[in-house]
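S.K.: Everything below, folded, please.
(chains A and B)
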Amino acid sequence: MNARTFKPGETVDFVVVGSGAAGGVLARELAQSGFDVVVMEQGPRFTAADFRHDELDYWFNGALLNSLTDSPQTFRRTPNDAATPARDVPAAIYARMVGGSSNHFTANYWRFHEVDFDERSRLGAIPGTAFADWPIDYAELEPYYTRAEWEVGVSGLAGASPFDPPRSKPYPMPPLPVKSSGVLLERGARKLGLHPFPAPMAIASQPYRGRPACGHCGFCIGYGCEMLAKSSTLYTMIPEAEATGRCEVRASSYVFRIDMDDRGRAAGVSYFDRERREQRQKARAVIVAANGAESARLLLTSATPKFPDGLANSGGMVGKHLMFNVYSEVHALFEHPLNEFKSAQVTRIVHDFYDADPKRGYYGGGGLDGRIGPAPLGWAMWAPPPERRWGPSFKSLLEAFPRAMIVATHSTSLPLEQNSVSLDPSLKDAWGMPAIRVTYRDHPDDLAMGRFLQERGVEVMQAAGALDVWKGAQVEATASPHLLGTCRMGNDPATSVVDRFHRSHDVRNLFVCDGSSFVTSGRGQPTLTIQALAFRAADHIARFARRGEI
Amino acid sequence: MADDEEPVSARREFLKSSAGALGLGWLGLHWPSTTAAAQHAQAMTAAPVKSFSFLTAEQARDVEAMAAQIVPSGATPGATEAGVVYFIDHVHAGLFAPRAVEFRARLEEFAREFARGHPGRHFADLDWDAQTAYLRSIEATPFFAAMREYTVMGLLSLPSYDGNREKLGWKLIGFEDRHIWEPPFGHYDRDYPGFVPYDDKPSGSSSSQT
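M.R.: Here you go, the predicted model:
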């Protein structure tokens, strides 16, 4: 590996804050375009050999996550409530390591549809919300979706879904082998006249660019891939960025401030190194890709006398419009074993309810998929209905685990100004920086859409011949790994943080590109769109840099 | 990427040597169907002697009795045989040390509450049905939620955490930890004929309509 190490005091072209789904792409694209890049990553660098099948540590002890011990967070439902410290699970969840949450994601990689970008124009305003069109449309993003699918590595079947938006190229790999949950979801859905199709997944179904095919171990959701088959940026974008000889990935480096010069331009970043010593990295431009919680926090903690409310925040929009996506579950038992603990989570999905339908009486849309979720421990912990949570009835349910599956629903979250990431006024992290405070309450339409999809999931499982079907509890969200919308894109500096090229309205050489850029939530599964945005942003940023427009 | 080749191939070699596990069918045939009480006695005497580092002896008896109520023994092993009490003890001195103070306080509060209605006795002293009835009465408490959570963890986490002994929990639930599986994975994907494409745009959807 010919990864570059820059000398202290050296000024690089770009500092990219964050090495995850977006940061990895930006680093690779800019380094391959000939720019010097330093990627700052809070977390450590792991290799495939470090990842374990340890459900207790990964799912109940946050082994890969931002730790509440070092990085406490607070949560409140509304701005009128007192925020209380998050316990056990952070409110804003992410994997803190090189490659970020692209390591532990489930790897669902559907594209957003045309409607996701201009739904406000199609449906009209929704009172009390900040529902808006994106400043770009699907057609503009399409080439970058294709690029992401090929550069990162996605398995799927083009044209299989009658609802899919137009695409310029098929997937680079065929779909993963179907699981019993996929067969049953497809069987039930087809009986009801729906159109299930093979799930696009960022997991190699065959050897791809030096990586082996999936070994079907089943430890995707919440785990790093031990086989290099999951297309995490740790295995794809990051090593390719380093191979240019122009990129350094600096792990265990926690950026706490974007440094500004007296002309109002970003001059680099200040960070704590692994010994918690304060360091600086100078750069000609700064790109923040630290996820929808940390990107917002960094802009807010970087306030200066000229920017007293934080950087890029003249419109007061930084941290606002946090969107989690709504998730719910339907559980089913069948006659014969499915053994869903094997292989990738999802092999079939349903998009028949993707579009909003005014006839439902509320806004929203979403998708269904077949899966099992974290297992066996997670299933035993969370799947049982209230009356079968302990005793002989619980034990007999445990014995039915091989015959179980879940229909998971994924759907819209409306952008609400009060749902936000902000700085907690009193709580500090282990480095003395203000803690993240999350304010979140699902919009009633979002919950209604989740319930609607749960009902459809029940019907699909019944049509598939399930012996037993029950709905998971639907609770208002207090935590999520989907961190969307907090530095939204837009043409108007009064209502957005970055422009259509991810350049902040207020600081010419400061860019923000990750889930925070989203204007609407899509229907879940945001990572492919985050990466398409990152490929597009890198393309434009490289052009600006070459033309001296940064 | 060359650096990563070695661990992967080494892992594959390791995996080839891992044999298939015994399924539930085997357990059902071979596990002696005795009473829960006999199971309990057998497990207690047959269990490797392990000391408790977090629980007191009395707490351990209560915890083990509660875990046995949550996942009972019977025709197949339960929490007792899987050594859940040892998990609960050891995990609070290890991985969950940060939660130890809170769990200990809840255990002590549980014992105090219990003693109020049962002077001089412990939960483990009750007969089976009385234990069940008592747990029903505290089903909604945070303490019982924690007990259930720790019992499930002790049953199904890696045996290195000292529960899930001899992988009895995994055998019970029908799970096997492997690094490589091959299709077919289950009954229903065995004869899947392949994906049949759709002819045209479905009419029932609201796609692209506003």
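S.K.: do stretch B:88-103 and chain A meet?
M.R.: Yes: among the residues of stretch B:88-103, B:91, B:95-96, B:98 lie within reach of chain A under Cβ under 8 Å from any Cβ of the partner chain. (Glycine included, C-beta is placed from N, CA and C.)
S.K.: Now do that stretch: distance to the chain's middle.
M.R.: 17 Å (Cα atoms, centre = their mean, to the nearest Å).
S.K.: quick one: buried residues of it?
M.R.: For stretch B:88-103, a neighbour-count test (16 or more other Cβ atoms under 10 Å in any protein chain shown) marks B:88-92, B:95-96, B:99, B:103 as buried.
S.K.: Contacts made by that stretch with the rest, please.
M.R.: Stretch B:88-103 is contacted from outside by A:56-57, A:61, A:69, B:52-55, B:60, B:63, B:67, B:104, B:146, B:150-151, B:153-154, B:161-163, using Cβ atoms under 8 Å, 6 or more residues apart in numbering or on different chains.
S.K.: filter these to the buried ones?
M.R.: Buried among these by 16+ other Cβ under 10 Å: A:56-57, A:61, B:52, B:54-55, B:60, B:63, B:67, B:146, B:150-151, B:153-154, B:161-163.
S.K.: As a check, name the ranges of all strands in the stretch 351-500 of chain A.
M.R.: Counting by DSSP state E, counting those that start in this stretch, the stretch 351-500 of chain A has strands at residues A:366-371, A:404-411, A:420-428, A:434-439, A:468-471.
S.K.: and of these, who's closest to chain B?
M.R.: strand A:404-411 (9.3 Å; Cβ to the nearest Cβ).
S.K.: strands paired with that closest one, and their directions?
M.R.: strand A:326-333 (antiparallel), strand A:366-371 (antiparallel) (DSSP bridges).
S.K.: Using TSV, please lay out the strands of the stretch 351-500 of chain A together with distance to A:Gly378, mean neighbour count and mean pLDDT.
M.R.: Below are the strands of the stretch 351-500 of chain A laid out as TSV (distance: least, Cβ to Cβ, whole Å; neighbours: other Cβ atoms under 10 Å in any protein chain shown; pLDDT from 0 to 100):
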stretch	distance to A:Gly378	mean neighbour count	mean pLDDT
strand A:366-371	11	28	98
strand A:404-411	10	27	98
strand A:420-428	27	18	98
strand A:434-439	23	23	98
strand A:468-471	17	16	98
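S.K.: quick one, which of those is nearest to A:His321?
M.R.: Closest approach to A:His321 among these is made by strand A:420-428 (7.4 Å; Cβ to Cβ).
S.K.: How far off centre is the longest helix anywhere in chain B?
M.R.: Ranked by number of residues, the top helix in chain B under DSSP state H is helix B:100-117. Here helix B:100-117 is found 23 Å from its chain centre; the criterion is Cα atoms, centre = their mean.
S.K.: what sits against the closest residue to A:Phe334 other than its chain neighbours?
M.R.: Among residues not flanking A:Phe334 along the chain, A:Arg403 sits closest, at 5.1 Å (Cβ to Cβ, 6 or more residues apart in numbering or on different chains). Taking Cβ under 8 Å, 6+ apart, we find A:Arg403 in contact with A:333-338, A:467.
S.K.: Now, of these, which are buried?
M.R.: For the contacts of A:Arg403, a neighbour count by 16+ other Cβ under 10 Å gives the buried set as A:333-334, A:337-338.
S.K.: so which of those comes closest to chain B?
M.R.: Using Cβ to the nearest Cβ, those come closest to chain B at A:Leu338, 4.0 Å.
S.K.: Does that closest one touch B:Arg190 like I think?
M.R.: No: using Cβ atoms under 8 Å, A:Leu338 is not in contact with B:Arg190; the gap is 10.9 Å.
S.K.: got the contact list for residue 144?
M.R.: All of this is about chain A. Here A:Tyr144 is in contact with A:532-533, A:535-536, A:539 (criterion: Cβ under 8 Å, 6+ apart).
S.K.: if you could check chain B rather than the one you did, that'd help
M.R.: B:Phe144 neighbours (Cβ under 8 Å, 6+ apart): B:135, B:138.
S.K.: Centroid-nearest residue for chain B?
M.R.: B:Leu155 (2.1 Å; Cα atoms, centre = their mean).
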